[in-house]
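Peer 1: For reference, the sequence and a predicted model appear below.
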Amino acid sequence: MCDESLERIVTAVDGTPLVLINSDITPIKWDTASGTYTTGGGTYNGVRIIAHRSAARSTAIPLTFAKMIGMSSCDISATSIAYCGSGLPPYGVVGISGTLIQNNTITIDSYNSAAGSYGGANAFTHGYVATNGGITLTGGVTINKDIYMLSGQSITANGSPNYGTRQTLSASLSYPGIASAPVGSTNLGNVNGGTTLGSGSSNTNYVANGINLNSGQSLNINGPVTLYVSGNLTLNGTVNVLNNLPSNFAIRMLTGSGGVNIQTTTLYADIYSPQTVVNINPGTTIYGRVIGNNLNISGSAAIHYDEGLPALPGATQAPPSSGGSSAAASLE
């Protein structure tokens, strides 16, 4: 990457041209999972640039008032890092073995919570939808961007749905069930009403026989939480999630659990329910990810997949055209 001379004038700082030289530019290997990088080793996917204005380069920043105390200039530097990802993000909206049904005015797209709130420049077309079964699209459905299905399955379109292209899965979607909550999880029993979960910056595991949050009740997520549910999950009240980050509220439906019904107006969550039905009801907007066996979305609903969420266990999570590889991760 740096075999050729890279010395060049790139811009101006405080009215003086900024000059980069070879030593300012370093190839790096970026680790997406840890958010860190290393240099050396020969396998690179990014670059680090450190720009200098310094006395050693005769480009120091001149000072005015500091001259009275003997300082006529100061050195400054700034570091910028850029990397190229391994491919497109994993599927964020999945109905594994059943039919994915969408009715009326529905929007599915993506954003990255690490870059801030959804919208504007932080609204992307990586809202890939995937299923092993057929899909029925009814009304003004907008999917940004593509639909991934097995060969032989069909899309039934009623009304004027809008999506990218139909892509063929190279293998069946497969997401493992979760037999039990981790040892040491806080047992909530049956939760019928509002409650507060989590605190601080470390994840807390909870397990519940069932969750029923009615209209007018509040569920407060005050720290990173992983909630395991062995029965039904119904959210019809207000769910307040710390910093509005989907990664702070992971919902994991256990093997043999009941269905998931979401009717709260706004939900920041990572929903993983590979063996049950997930119903997204009218008026609901979800920021995060939804993995269900059958996925039913109705009314004026929206799902904004958070590309910043970690990969899930399973097969064929990355769209085949991306060139990326599936990533394995723990659900605990």
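Peer 2: Received it, and whenever you're ready, just let me know what you need.

Peer 1: neighbours of the closest residue to G95 other than its chain neighbours, just the number please.
Peer 2: Counting by C-beta to C-beta, 6 or more residues apart in numbering, the nearest residue to G95 once its immediate chain neighbours are dropped is L295, at 3.5 Å. Every residue, glycine included, has its C-beta placed from N, CA and C. For L295, the count of nearby residues is 28 (other C-beta atoms under 10 Å).

Peer 1: wouldn't L295 be in contact with Y91 here?
Peer 2: No: using C-beta atoms under 8 Å, L295 and Y91 do not qualify as a contacting pair, with a distance of 11.4 Å.

Peer 1: Restrict stretch 137-151 to CA atoms and write it as PDB.
Peer 2: Taking Å, rounded to 0.1, in the frame of the first residue of the first chain, the C-alpha atoms of stretch 137-151 are listed here in PDB:
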ATOM      1  CA  LEU A 137     -46.500  -8.500   0.300                       C
ATOM      2  CA  THR A 138     -49.700  -6.500   0.600                       C
ATOM      3  CA  GLY A 139     -50.200  -2.800   0.200                       C
ATOM      4  CA  GLY A 140     -47.500  -0.100   0.200                       C
ATOM      5  CA  VAL A 141     -44.600  -2.200   1.500                       C
ATOM      6  CA  THR A 142     -41.100  -0.800   1.000                       C
ATOM      7  CA  ILE A 143     -38.100  -3.000   1.600                       C
ATOM      8  CA  ASN A 144     -34.700  -1.400   1.200                       C
ATOM      9  CA  LYS A 145     -33.300  -3.500  -0.300                       C
ATOM     10  CA  ASP A 146     -33.400  -7.200  -1.400                       C
ATOM     11  CA  ILE A 147     -35.400 -10.300  -0.500                       C
ATOM     12  CA  TYR A 148     -33.500 -13.600  -0.100                       C
ATOM     13  CA  MET A 149     -35.500 -16.900  -0.500                       C
ATOM     14  CA  LEU A 150     -34.900 -20.500  -1.400                       C
ATOM     15  CA  SER A 151     -35.300 -21.700  -4.900                       C
END
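
Peer 1: can you give me the end-to-end distance of stretch 136-146?
Peer 2: Here the two ends of stretch 136-146 are set 15 Å apart, with distance taken as C-alpha to C-alpha, to the nearest Å.

Peer 1: circling back to that earlier point, any idea of the mean pLDDT in the host helix or strand of the residue nearest to G95?
Peer 2: Secondary structure here is read from DSSP states H and E; on that basis L295 sits in strand 285-297. Per-residue pLDDT over strand 285-297 has a mean of 94.

Peer 1: So what are the sheet partners of that strand and their directions?
Peer 2: Strands adjacent to strand 285-297 in the sheet, as given by DSSP bridges, are strand 93-95 (parallel), strand 100-103 (parallel), strand 266-280 (parallel), strand 302-306 (parallel).

Peer 1: I143 - how many residues pack around it?
Peer 2: By other C-beta under 10 Å, the residues close to I143 number 23.

Peer 1: Could I get the pLDDT score of the closest residue in space to it that isn't next to it in sequence?
Peer 2: In space, I143 comes closest to Y163 once its chain neighbours are excluded; the distance is 3.9 Å by C-beta to C-beta, 6+ apart. Y163 carries a pLDDT value of 89.

Peer 1: before we move on, what about P313?
Peer 2: P313 is assigned 63 on the pLDDT scale.

Peer 1: Buried residues in stretch 233-242, which are they?
Peer 2: Residues of stretch 233-242 classed as buried by neighbour count (16 or more other C-beta atoms under 10 Å): L233, T234, L235, N236, G237, T238, V239, V241, L242.

Peer 1: and which of those is nearest L63?
Peer 2: Among those, L242 lies closest to L63 (C-beta to C-beta), at 43.2 Å.

Peer 1: Could you give the number of residues near L197?
Peer 2: A total of 20 residues lie near L197 under the criterion other C-beta under 10 Å.

Peer 1: so the nearest residue in space to it that is not next to it in sequence bridges to which residues?
Peer 2: Excluding its sequence neighbours, the residue lying closest to L197 (C-beta to C-beta, 6+ apart) is V225, at 4.9 Å. Going by DSSP bridges, V225 is paired in beta bridges with T204, F249.

Peer 1: Only alpha carbons, please: show the strand holding L295 as PDB.
Peer 2: Taking C-alpha atoms only, strand 285-297 is exported to PDB below (Å, rounded to 0.1, in the frame of the first residue of the first chain):
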ATOM      1  CA  THR A 285     -41.400   0.800  14.900                       C
ATOM      2  CA  ILE A 286     -38.600  -1.500  15.800                       C
ATOM      3  CA  TYR A 287     -34.900  -0.400  15.800                       C
ATOM      4  CA  GLY A 288     -32.700  -3.500  16.000                       C
ATOM      5  CA  ARG A 289     -33.200  -6.900  14.600                       C
ATOM      6  CA  VAL A 290     -36.100  -9.500  14.300                       C
ATOM      7  CA  ILE A 291     -35.500 -13.200  13.900                       C
ATOM      8  CA  GLY A 292     -38.600 -15.400  14.000                       C
ATOM      9  CA  ASN A 293     -39.800 -18.700  12.800                       C
ATOM     10  CA  ASN A 294     -42.900 -17.100  11.200                       C
ATOM     11  CA  LEU A 295     -42.900 -13.300  11.000                       C
ATOM     12  CA  ASN A 296     -46.100 -11.400  10.600                       C
ATOM     13  CA  ILE A 297     -45.900  -7.600  10.200                       C
END
